[in-house]
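Trainee: From the sequence below, what's the structure:
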Amino acid sequence: MRLAEESILSDQLLRQLISVGEVDVLIGLPTHNNAETVGQVVQVIRAGLLKYFPRERTAILNADGGSHDGTQDLVQAASISDARNSHTLQALRTMHCFSSRYPGEPSTGTALRTIMAAADLLRARACAVISPESNVAPEWMEVLVRPAYQQDFDFIAPVYCRHKFEGLLVTNLLYPMTRALYGCPIREPYAADFGFSGRLAAHFLTEDSWQQDVSGRGAELSLTLAAIAGGFRLQQTFLGPKGTAERQPADLVLAMRQTVGTLFASLGRYFSNWSAITEDQAVVTIGADNQVATHPMRVNRKRLLQMFRNGVGELEPILSSILSHGTLEELKHFASVQEEEFQYADELWVKTVYEFAASYQHAVISRNHIIQALVPLFRGRAYSFLLRNRETSGVEVEQQIENLCQAFERLKPYLLELWKK
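Mentor: Residues are numbered from 1 along each chain as shown. Below is the predicted model of the structure:
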């Protein structure tokens, strides 16, 4: 048994897992106060497993972060629902369902580590993690699990239908930068729903990133990057709409530390990988590789612009230690122009991000402060993106994202130059 398993799995959960022995497929469900949706999600997961894996040994593990709304009780109740009694869904093996509270504060990273440790202990061949807030369908069990179970893929990432104004941190930074540096066009590098092999789970449990941050913040992105850098076989599959409209993070600073901070930190760990990549690698994609919704959506653009202006003014001494003189002067200029004249162009945004990444590597100031200083600048980029795409079609939005990806790729030598100084 691995040290990771001993330290993260509770005694009670260990006894339950040991009593099961081994499974073929494990589905992980990380929760924290998800009573409103979790019961239905568990039933859909069960229906999918019964339909697509009736002969396999399967299990569902709910890794809970200390819910106070009865989430765990609802998981257990859903697990003994009448799904097994359906005339069309008959399991030929016992399906196990566990719910366990992991130690410490609520964290999707700690939940993921719990699920992976359980998968390793159970010697699961294929696994998937499903968000309790996703618009999950039974077919997801097939498309996220089957590639790892029978086709020797190690990581199966989702592709969602997103509104053009949702997921701006993904479309304007995480996806294009990951693609440019690692040569891997994974559309959702920070995914809430994904599949993976037991082989990848065992590898990831040994990653140093777990030791550096015991809660595993940003673990979903870390897993994606570990799979890419480790040479594991990747696939992505279209899952359709994500469900309810994505909520903006209550704390954008924290969200960016968990995502952008994780991406920046990976550059030092995987420098030999990304610095040597000169072209994109092909990734098998099942279904559409993108889909953009354009229905009307209200967004408070003016507040974004004001926060950008305030940030550039108030943080100028800090920004001057992170950014080049030319980049900072351009930002100061755009902080003073009229709304309709504002433009945070692709090349300026890429230079901003790369200069922040290099400063993060060199730790010119506290790394947490570096990420915090990037937040108002990202708001300025978001404002520019929203302004530019008020009337655009999905095809036009996708072309803009592609243009940004190419800008990140074109300026990659600039990052390497900054990195080596």
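
Trainee: other SSEs contacting the host helix or strand of Gly261?
Mentor: Using DSSP states H and E, Gly261 maps to helix 252-269. Contact analysis of helix 252-269 by 3 or more Cβ pairs under 8 Å, 6 or more residues apart in numbering; DSSP states H and E lists helix 168-169, helix 175-182, helix 208-212, helix 219-229, helix 346-362, helix 367-388 as its packing neighbours. No exception for glycine: its C-beta is placed from N, CA and C like everyone else's.

Trainee: what mean pLDDT would you report for that helix?
Mentor: Helix 252-269 comes out with an average pLDDT of 94.

Trainee: and Phe308, what is it in contact with?
Mentor: Ala335, Pro376, Leu377, Arg379, Gly380, Tyr383 (Cβ atoms under 8 Å, 6 or more residues apart in numbering).

Trainee: Recalculate using a threshold of 10 Å.
Mentor: Residues counted as contacts of Phe308 (Cβ atoms under 10 Å, 6 or more residues apart in numbering) are 331, 334-335, 342, 344, 375-384.

Trainee: Would you mind listing the two of those that lie farthest apart?
Mentor: Phe342 and Val375 (17.6 Å; Cβ to Cβ).

Trainee: export the helix holding Gly261 as PDB, just CAs?
Mentor: Extracted in PDB, the C-alpha atoms of helix 252-269 (Å, rounded to 0.1, in the frame of the first residue of the first chain):
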ATOM      1  CA  LEU A 252     -11.100  35.500  -8.300                       C
ATOM      2  CA  VAL A 253      -7.700  35.900  -6.600                       C
ATOM      3  CA  LEU A 254      -8.100  32.400  -5.100                       C
ATOM      4  CA  ALA A 255      -9.400  31.000  -8.300                       C
ATOM      5  CA  MET A 256      -6.400  32.300 -10.200                       C
ATOM      6  CA  ARG A 257      -3.900  31.000  -7.700                       C
ATOM      7  CA  GLN A 258      -5.400  27.600  -8.100                       C
ATOM      8  CA  THR A 259      -5.300  27.700 -11.900                       C
ATOM      9  CA  VAL A 260      -2.800  30.300 -13.200                       C
ATOM     10  CA  GLY A 261      -0.600  29.700 -10.200                       C
ATOM     11  CA  THR A 262      -0.600  26.000 -10.900                       C
ATOM     12  CA  LEU A 263       0.200  26.500 -14.600                       C
ATOM     13  CA  PHE A 264       3.000  28.900 -13.800                       C
ATOM     14  CA  ALA A 265       4.400  26.500 -11.200                       C
ATOM     15  CA  SER A 266       4.400  23.600 -13.600                       C
ATOM     16  CA  LEU A 267       6.700  25.500 -16.000                       C
ATOM     17  CA  GLY A 268       9.700  25.000 -13.700                       C
ATOM     18  CA  ARG A 269       8.800  21.300 -13.000                       C
END
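
Trainee: how far does it sit from the chain's center?
Mentor: Its chain's C-alpha centre and that of helix 252-269 lie 11 Å apart, by Cα atoms, centre = their mean, to the nearest Å.

Trainee: hang on, Gly104 packs against Gly66?
Mentor: Yes: Gly104 is within contact range of Gly66, at 8.8 Å (criterion: Cβ atoms under 10 Å).

Trainee: Can you pick out the residue with more neighbours from these two?
Mentor: Just comparing Gly104 and Gly66: by other Cβ atoms under 10 Å the higher neighbour count belongs to Gly66, 15 against 11.

Trainee: Tell me who's in contact with the nearest residue to that one once chain neighbours are set aside.
Mentor: Among residues not flanking Gly66 along the chain, Arg101 sits closest, at 5.7 Å (Cβ to Cβ, 6 or more residues apart in numbering). Taking Cβ under 10 Å, 6+ apart as the criterion, Arg101 is in contact with 10, 12-13, 31-32, 62-67, 71-72, 114.

Trainee: and the residues you listed, which two are the farthest apart?
Mentor: Applying Cβ to Cβ across the contacts of Arg101, the maximum distance is between Gln12 and His32, 19.1 Å.

Trainee: between the two, which one's more packed in?
Mentor: For Gln12 and His32, the more surrounded residue by other Cβ under 10 Å is His32, and the numbers stand at 19 against 11.

Trainee: Correct me if wrong: that one contacts Gly104.
Mentor: No: in this structure, His32 is not within contact of Gly104 by Cβ under 10 Å, at 11.8 Å.

Trainee: Overlap of the contact sets of the two?
Mentor: Gly65, Gly66.

Trainee: what helix or strand does Val42 sit in?
Mentor: Per DSSP H and E: helix 35-52 holds Val42.

Trainee: Output the contacting helices and strands for the following helix or strand past that helix.
Mentor: As assigned by DSSP H and E, the chain's next helix or strand after helix 35-52 is strand 58-64. Applying 3 or more Cβ pairs under 10 Å, 6 or more residues apart in numbering; DSSP states H and E, we find strand 58-64 packed against helix 11-20, strand 25-31, helix 35-52, helix 71-79, strand 95-101, helix 108-122, strand 126-129.
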